[in-house]
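> Pasting the sequence and the predicted coordinates here, then a few questions.
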Amino acid sequence: MTKPSPRASLNLDQIVDTALELIAKDSVDKLSMRQLSAELGASLGATYRHVPSKDALLRLCGRRLFERGYRPRSPGDDPLVWVRDQVMSLYDLLVAHPGMASHMMFMTTDVDPEMGEDVRRALVQAGHPSGNVELIGLVLTLYTSGALLASAQPWERTDYLDTRTLIATGLDYILHSYPANGVPHPDLTARSKGAKSSAAPAKKVAAANRAAATRKPR
């Protein structure tokens, strides 16, 4: 294996982007500051001068994933579809970077304030009472975090809906917890009809998971 050529300069963007490449390849657990330094072609001391610890590095990586998953809302975007798409975009990024989900569960304070404000505005525009927006945001965070952690578990394969489809369906229900004037959202309703068989499979998946939890190890 050819040793990387030393870099004339090292900056935080290079460090974070390289760390995310290594995480995508091998997971958070296998990432080390020494491995990162070798990949960067820099000394371990030089890397530490930019990032004081692995925890600090993972925080920066999480912030970068928030930024990568974010798409500014265009005037023609439906607000609820846009919110759901933002969450699913972040979900896809975290699935692609094994181990980052558990480090990002409580990182909402690291989200750019403007990004959070865009989500709040979208929910209010969609008809959610302003007093409930913070609660909905918290529920979305907890739901998505739990879904990410669950998706990382080695569940037995089934013929039911895949995890991503179940998560997207759950997001639709959460976003409709306070529909405007009681009128269902047309696009999300149509998607729900397309997955109208999800309730029964979800119950079967839950039953299968309960059975697996009580099954004696071989």
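Right, received. Where do you want to start?
> And the longest helix along the chain, what's buried?
Longest among the helix segments of the chain by residue count, using DSSP state H, is helix 130-151. Residues 133, 136-137, 140-141, 143-145, 147-148, 151 are the ones in helix 130-151 that count as buried (16 or more other CB atoms under 10 Å). To be clear about C-beta, it is placed using only N, CA and C from the backbone, and glycine gets the same treatment.
> Which strands or helices does that helix pack on?
Packed against helix 130-151 by the contact rule (3 or more CB pairs under 8 Å, 6 or more residues apart in numbering; DSSP states H and E) you find helix 79-96, helix 100-104, helix 113-125, helix 163-175.
> Buried deepest among those helices, which one?
Each of the helices and strands packed on helix 130-151 was scored by mean neighbour count; the highest is helix 100-104, a mean of 21, by mean count of other CB atoms under 10 Å.
> which residues are contacting it?
Helix 100-104 is contacted from outside by 23, 28, 58-59, 61-62, 65-66, 94, 145, 148-149, 152, using CB atoms under 8 Å, 6 or more residues apart in numbering.
> thinking again about what came up before, what's the angle between the longest helix of the chain and helix 113-125?
In terms of direction (axes from the mean of the first three to the mean of the last three CA atoms, to 10 degrees), helix 130-151 departs from helix 113-125 by 110 degrees.
> What's the mean pLDDT across helix 130-151?
For helix 130-151, mean pLDDT rounds to 77.
> Tabulate the CA atom coordinates of stretch 140-153 in PDB.
Presented in PDB, the C-alpha positions along stretch 140-153 are these (Å, rounded to 0.1, in the frame of the first residue of the first chain):
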ATOM      1  CA  LEU A 140     -39.600  13.800  14.900                       C
ATOM      2  CA  THR A 141     -36.100  13.900  16.500                       C
ATOM      3  CA  LEU A 142     -36.900  11.000  18.900                       C
ATOM      4  CA  TYR A 143     -38.700   9.000  16.400                       C
ATOM      5  CA  THR A 144     -36.000   9.300  13.800                       C
ATOM      6  CA  SER A 145     -33.200   8.600  16.300                       C
ATOM      7  CA  GLY A 146     -35.000   5.500  17.500                       C
ATOM      8  CA  ALA A 147     -35.600   4.400  13.900                       C
ATOM      9  CA  LEU A 148     -32.000   4.900  13.000                       C
ATOM     10  CA  LEU A 149     -30.800   2.800  16.000                       C
ATOM     11  CA  ALA A 150     -33.400   0.100  15.200                       C
ATOM     12  CA  SER A 151     -32.400   0.000  11.500                       C
ATOM     13  CA  ALA A 152     -28.800  -0.700  12.600                       C
ATOM     14  CA  GLN A 153     -29.900  -3.900  14.400                       C
END
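> picking that back up, out of the helices and strands packed on helix 130-151, which is closest to Ala46?
Among these, the nearest to Ala46 by CB to CB is helix 100-104 (23.8 Å).
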